[in-house]
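Asks: Below are the sequence and a predicted model for it; my questions follow.
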Amino acid sequence: MQNNIVAEKIQALLSAKNMSVPELAERAGLTVAQIDFILTSPVVPSLSPVIKIARALGVRLGTFLDDSDQLGPVVHRVTEQTAPATFSSQLSDANSHLDFFSLAGNKTGRHMEPFVININPSKEHEPLLSSHEGEEFIYVLEGSVSVIYGKESIVLNQGESIYYDSIVDHLVSAVDGRPAKILAVVYTPV
């Protein structure tokens, strides 16, 4: 997914809601510079500020990932794999890049965001943690992941899981320079 798609949707929502960038920044708890970066940079934004922007605009995170209006149940078939939405872990290239494959992209009005996420290893840098309202559940499908949660550092291996309040600073990354795959369900109140 290109950043310009996210930026275009943010711009359209700002226009529809007659909201300025400074108003959005204030409501999202971000700086005007961060919003401007997301709106103008070719770099894919971090998921955390996008979640905060979605909340400030009164839309669900999936608004930036899909445009569908399926009211009934949504079935995701392995043969219907779509291109991933790729986010950086933060507004920096220091953390892993995350490839999100939505499992319910066609479901309108959903309150949970289920994803399969490929976590690509990153260079060694100081980790940048993020936080946002809501909760997250992560189940490791392949490899191992490190979850920094507040002051704790937890390593999860294949078949292990964690459920946490995402308001606490956190970061999920690959371990030992090897890619990992997780099932993640993100809940963010609107």
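Replies: Now that the structure is in, tell me what you want to look at.

Asks: average model confidence for the longest helix seen in the chain?
Replies: Counting by DSSP state H, the longest helix found in the chain is helix 3-16. Average pLDDT, helix 3-16: 82.

Asks: could you point out which element follows that helix?
Replies: Where DSSP states H and E defines the elements, the next helix or strand beyond helix 3-16 is helix 21-28.

Asks: Can you point out the buried residues in that following helix?
Replies: 24-25, 28 (16 or more other Cβ atoms under 10 Å). C-beta: built from backbone N, CA, C; applies to glycine.

Asks: Just send those residues back as TSV, with pLDDT too.
Replies: Shown next, in TSV, are the buried residues of helix 21-28 (pLDDT from 0 to 100):
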residue	pLDDT
24	95
25	94
28	91
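
Asks: Which single one of the residues you listed is nearest to residue 36?
Replies: Nearest to residue 36 among the buried residues of helix 21-28: residue 25, at 8.8 Å, using Cβ to Cβ.

Asks: what residues are up against that closest one?
Replies: By Cβ atoms under 8 Å, 6 or more residues apart in numbering, the contact set of residue 25 is 31-32, 34-35.

Asks: how about 10 Å then?
Replies: 31-36, 52-53, 56 (Cβ atoms under 10 Å, 6 or more residues apart in numbering).
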